[in-house]
Structure formats: C-alpha cells, structure tokens
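Chemist: let's see this in three dimensions:
(2 chains)
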Amino acid sequence: MNATTKLAASAAIPLRFPALPIGALAGTSFKHEHLPAIVAEGAQRGFFEVHAENYMGAGGPPHRALEAIRRDHPISLHGVCMSIGGERPLDRAHLARFQHLVERYEPALVSEHLAWSTHETTYFNDLLPLPYTEATLGRVCDHIDEVQEAIRRPMLLENPSTYVAFAESTMSEVDFIRSVARRTGCGLLLDVNNVFVSATNHSFSALDYLSDFPLANVGEIHLAGHAEQSDDEGDLLLIDSHDGPVADAVWKLFEIVVSRCGSIPTLVEWDSNIPDWPVLKAEAAAAQKILDRCHTIAEGHHAAA
Amino acid sequence: MLPPEPHLRSSYSAAFAAALIDPDGGTPAVVTGPSGKAAIKRYNVYRNNVMVSLIEAVAAIYPAVQRITGVEFFRAMARFHIRATPPKSPLLFEYGRDFPAFIEQYEYARSMPWLADTARVERAWLDAYHAADADPLSAATLGSFPPEQLADLVFVVHPATRIVRSRFSVVTIFAANRGEAPVDRIDASVPEDALITRPDLDVVVRHLPPGGAVFLTSLMAGRSLGEAAALALDASPAFDIASHIAGMIEAGAFTAATLEKQDGH
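Modeler: This is a model prediction of the structure:
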C-alpha cells in the first residue's frame, strides 16, 4: 500500500487505532520536529499529548504525523482554547471540531483548561483567569456539561497558573475545582507546576493546596518548566513558560502527589525553546522512574495486605 | 427597562480584556495581587503573553517576510496589524489573511512594494499545507478520454491549489527567503505568477509560464479545457497547451476531470 492509497482510505473511512492503555505512563508533548526521531525509535513505553487546535485543519502533514504517532502510542488530546471559564456560550463550531478529533483519534485522555481566551470576537491566545464565585461556578459547570455531552465521555479539567487574583472571588480555587468535579463528574488534570507557580505568585503553600485538592479525581498530571520575573514590589513572580526543564521543587511536589494518589499518567510539557528529542525524552524518563517506584511500593503494600 | 443579561451584570472578561492589546490601557480595577499587592506587572504578564504569542503566530505564517524585513521591523509591523485586526478564530493557522493588504498600506514597507505579494504566496502556502487531502488527477485518467472530447473537459480543483499573480518576482523572492541559505541580489521587477499545490505531503510553489495563470484560474472557475486554452492564448500568444496540461498534471492541481455536458444527458 503506498502513501496515496493510505491517504484515500483515511479520507473515506476513519482509521481505527488500537486501544492502548495509558495507566501509570509518563509522556511528553508531541512536537513535529521530533517526529523523525520518535518514528525511528518505534513503539516505546509512553504517551504523547497534542494541542487539539493544531489538528483542526482539514488535512495535510499534521494529521499524517498524528496518525503515525497514534499507531504505536496512546495519545492525550489537550484543548487550549475552549474558553470554559468564559462568560459567553461555548463556540459551537469549535466544540464540533473538538468532538470530531475525539472521534477520529480515540485519545486515551481528553482535557481542557479552567480559563478563557476569547472575549466578544477577539481570540487572545492565552489562558486568562476568572474569578471564583457562585455565578462563574455555575457557568463553568454548564460549559463542561456541554463538552462532555458533545464528546460523550468525561473530560479532565486543568487547574490554572495565575498572576493576578480577582477582588470579587468568594471561594478558593480548590473549593471551586472540587465543586466543578462534583457537579459535572469531570476528572481533573493536576498541573503540579501550575500549583507551584500560583503558590509562589499568591503567597500560599503549595503543600496546603495539594492536601486540600481532590486527588481522587485526578486522571492526569502535568509537569513543566517555569521562568522567574518580579512583581511590582520586587518579589519573585513565576511565569508558566514551558520553556525549560522541570524545577527541582516541582519534582518534589510531584513525588508527594504520586505517593498519595498512586501512579497517574504524567506529562512533561515543553512548548517553547524546544530541545532535541533525547532531552525531552529524558525528562519523561525521570517522571516514569518516580511513577514506577511508587507503583512498586503500592504493589508491595498490596501483597503485604 | 429590562435587567442586563446575567453574563453582563459583572463582566470580568470585558474588564480584563480591555487593555490586553491596547498599549495605552491601564490595569483593570477588578484584579489584584495577594494581600493588597499591586497588579500592574502581574497584569502585564498577560499582555506580554498575548502580544508575543500572536506576533509569533504571524511570524510562523510569514517566515520569508520576516527574513526580508528583519526581526525587529517584522515584529513592529505585526504588532500594528494585531492591534488593528486581532484574531477572531482560535485556529491561528487561519489568522493573518488581512496581513498582505496591511503590508501594502504600511508606511515603512513602501520601499518594498513586492513584500505584500510575497506574503500572499506564504499565506497560500499555509492554506495548501492544511487543505484537505485528495488524490490528484493522474495522466492515465486524463489519457483515458477520447481526444475529440478533451476540449469539453471540466476539472475538479484540488483543495490545496492556489494561484498568486504578481507584478513582481514573488516566486524567486519566496523561494530564496524560505530557507537559511544566503540570498543573492534579486531583480524584483520581473512579473511572476505562482502556482501552489500539495499533491501529497509536500507543498510545492511553481513559477507559472506565460498564460498559465489565466489557463488555470479559468479551469478553476469551471471553464472547459477548450475555453480556458482560448482565454490563455488571448492573454499570451505563445501559450502552448500541451506543456501546460503536462504541467498541471505534474503539479497535482486538480483531482478529477469530467465531461462538461455530462449532467445534461
């Protein structure tokens, strides 16, 4: 079968992909520049996460690359601009595109952000913050209901990294997220770097946040690098930049989380200043080592009990 | 008077969005730092994220334009464009359609009159890259029609196919500036028409010979092969139909050919 016939087949009948398990695996963001290196290695232990919007074109190399990756690995579909935290109704056309990708690629995980990125007609291409109130809680839940209805499966909601707070907020971020999970039945994507960044920026304890966080609902963990700036008072302000290795403090928090909630699929995100594949792969291997260690300990407990 | 819609009663997004891409806007009153700390630099993180990521999105669509102008010039031009025409869709590979027209009007780019058309080729390149996949029409399929029917054939255009006509040497300028190799001096004043196709994985930009653009745009508009050839011959007396048919098959510009009056039978 040559490439052209394969292509014709994909246009007519969706490709069927194997239902590869993702439990206890570490993965990385999938970047097209890494495709040759990944394909050359063949099937490896691990998964890849893609930003849904990059695969919303009609055809071409992006889909071909994702099909190649998906044949051998589970993938996680990560939406970046659904504006679940926005005040306006969800963009139906965008939701339909998202639903189509879920059907086409059968991802092991599907996630979106507790944030917004569109106001009126302008798309800002950033994950913008929202106040935590009864009104925003109701709307976020409505939006998640709509997404889950469209894709006919639960999604994971990611906790944000933020630089400002809203004076009108009446509840903590963890209370807000817990209520969303309870009301909608969605799972949670715990971004440990986001917790660390927000804890630093808003002067709270990352450990307290994690102790309060509903870990039983967590279906995926994110790790990433951050950058340092300063706020108006000259104090440290962390930027969720995804442009470098995971910080030591974030690795420590990750170990604590995994020791409490077990081996959960864990992704190393790297979206800017993207390194060569072996560097990113090594970061995922470091996460895998922690997941495996925890898994072994858990198995040991299980055997003893 | 009716009460305002619930989502407008206290619009945090309107307040927050107001100054995101406005250089003169202030920090919204609705946001704060912890324990009464200021939020000016904090809010500026969002402004910077938005502007830098959108500039990078424009640069990703127009790498040859950026190489020609230099990074500083390009970023300033892109910033003006983003403020005037921010994206309306979350699909950033669809953004920047108005950028070539913006370049045409941009005061500081007047010394580069060929820059806008170079941008048009780059925009067409990205459209071809993301276009739906389709098998191109093969020479064998075309050859299966009896010669006396050829003039009545109409063609189905491939989803990736684009044509950009220019008074300037846009294909040469585009090709020279999409790579890393040093660029020799180019005579920009030679008119060039570009044919952009993606028969399989790779987008290909070709320089059309005289008459080619009229011929292909006529076919793309649904004219028969005979009509398109006549129009091309009108526009360019040296037009040679055999080489142009071979060229359009090689480029993969169309996916199918049918007899014009087939539906009428």
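Chemist: A:C141: neighbouring residues, count only.
Modeler: For A:C141, the count of nearby residues is 18 (other CB atoms under 10 Å in any protein chain shown). Bear in mind the C-beta positions are built from the backbone N, C-alpha and C, glycine included.
Chemist: distance of the closest residue to it other than its chain neighbours from chain B?
Modeler: Nearest non-adjacent residue to A:C141, counting by CB to CB, 6 or more residues apart in numbering or on different chains: A:R183, 4.7 Å away. A:R183 sits 18 Å away from chain B when distances are taken as CB to the nearest CB, to the nearest Å.
Chemist: do A:D276 as well
Modeler: Shown here: A:D276 relative to chain B, a distance of 18 Å by CB to the nearest CB.
Chemist: helices of the chain, residue ranges please.
Modeler: As the question left the chain open, I've gone with chain A. Secondary structure of chain A (DSSP state H): helices located at A:3-12, A:35-41, A:61-72, A:92-105, A:134-151, A:173-184, A:192-201, A:206-212, A:248-261, A:277-304.
Chemist: hm, I was asking about chain B
Modeler: Remark: helices assigned in chain B by DSSP H are B:6-9, B:12-17, B:40-61, B:63-69, B:71-84, B:99-105, B:115-130, B:139-143, B:170-177, B:212-220, B:225-235, B:241-251.
Chemist: re the thing from before, pLDDT score assigned to the residue nearest to A:C141?
Modeler: The score at A:R183 is 98. That number is its pLDDT.
Chemist: before we move on, what about the one 10 residues further on?
Modeler: At A:N193, the predicted lDDT confidence score is 98.
Chemist: tell me, how many neighbours does the residue in chain B positioned nearest to chain A end up with?
Modeler: Using CB to the nearest CB, the point where chain B gets nearest to chain A is B:H130, with a distance of 3.2 Å. When counting by other CB under 10 Å, one arrives at 22 neighbours for B:H130.
Chemist: just checking, it touches A:E53?
Modeler: No. In this structure B:H130 lies outside contact range of A:E53 using CB atoms under 8 Å: 11.8 Å.
Chemist: okay, domains of chain B per the record?
Modeler: With automatic domain parsing as the criterion, the domains of chain B are listed as B:1-112, B:131-265.
Chemist: could these go into CSV alongside mean pLDDT?
Modeler: Converted to CSV, those look like this (pLDDT from 0 to 100):
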stretch, mean pLDDT
domain B:1-112, 92
domain B:131-265, 94
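Chemist: need the ones you listed in CSV (columns: mean neighbour count and distance to A:V246).
Modeler: CSV is the format used below for those (neighbours: other CB atoms under 10 Å in any protein chain shown; distance: least, CB to CB, whole Å):
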stretch, mean neighbour count, distance to A:V246
domain B:1-112, 17, 20
domain B:131-265, 17, 32
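Chemist: got the contact list for stretch B:38-58?
Modeler: Surrounding stretch B:38-58, the residues in contact under the criterion CB atoms under 8 Å, 6 or more residues apart in numbering or on different chains are A:124-126, A:128, A:163-164, A:201, A:229-233, A:237, A:239, B:16, B:19-21, B:27-28, B:31-33, B:75, B:78-79, B:81-82, B:86-87, B:92, B:95-96, B:99.
Chemist: show me those residues that map onto strands.
Modeler: With strands defined by DSSP state E, the entries of those inside them are A:124-126, A:128, A:229-230, A:237, A:239, B:31-32.
Chemist: which one of those residues is nearest to A:A65?
Modeler: Closest approach to A:A65 among these (CB to CB): A:N125, at 22.0 Å.
Chemist: and the gap between that closest one and B:F73?
Modeler: Between A:N125 and B:F73 the distance, using CB to CB, to the nearest Å, works out to 22 Å.
Chemist: likewise for B:T161?
Modeler: The value you get for B:T161 to B:F73, if CB to CB is used, is 32 Å.
Chemist: got the residues of the stretch 101-250 of chain A near chain B?
Modeler: On the criterion CB under 8 Å from any CB of the partner chain, chain B has as its neighbours in the stretch 101-250 of chain A the residues A:116-126, A:128-131, A:135-136, A:139, A:163-168, A:201-204, A:229-233, A:235, A:237, A:239.
Chemist: now list the buried members of these.
Modeler: Neighbour counting by 16 or more other CB atoms under 10 Å in any protein chain shown classes A:116-119, A:123-126, A:128-131, A:135-136, A:139, A:163-166, A:201-202, A:229, A:231-232, A:237, A:239 among those as buried.
Chemist: which residue is the nearest non-sequential neighbour of the residue lying farthest from the centre of chain B?
Modeler: Relative to the C-alpha centroid of chain B, counting by CA atoms, centre = their mean, B:S35 is the outermost residue, at 48.7 Å. Closest residue in space to B:S35, ignoring its immediate chain neighbours: A:S203 at 6.7 Å, by CB to CB, 6+ apart.
Chemist: let me have the ones in strands among the contacts of stretch B:38-58 in CSV, extended by distance to A:A285.
Modeler: Below are the ones in strands among the contacts of stretch B:38-58 laid out as CSV (distance: CB to CB, whole Å):
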residue, distance to A:A285
A:F124, 35
A:N125, 31
A:D126, 31
A:L128, 34
A:Q229, 30
A:S230, 34
A:L237, 31
A:I239, 26
B:V31, 40
B:T32, 41
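Chemist: between those, which is closest to B:T197?
Modeler: The shortest distance between B:T197 and any of the ones in strands among the contacts of stretch B:38-58, using CB to CB, involves A:N125 and amounts to 30.0 Å.
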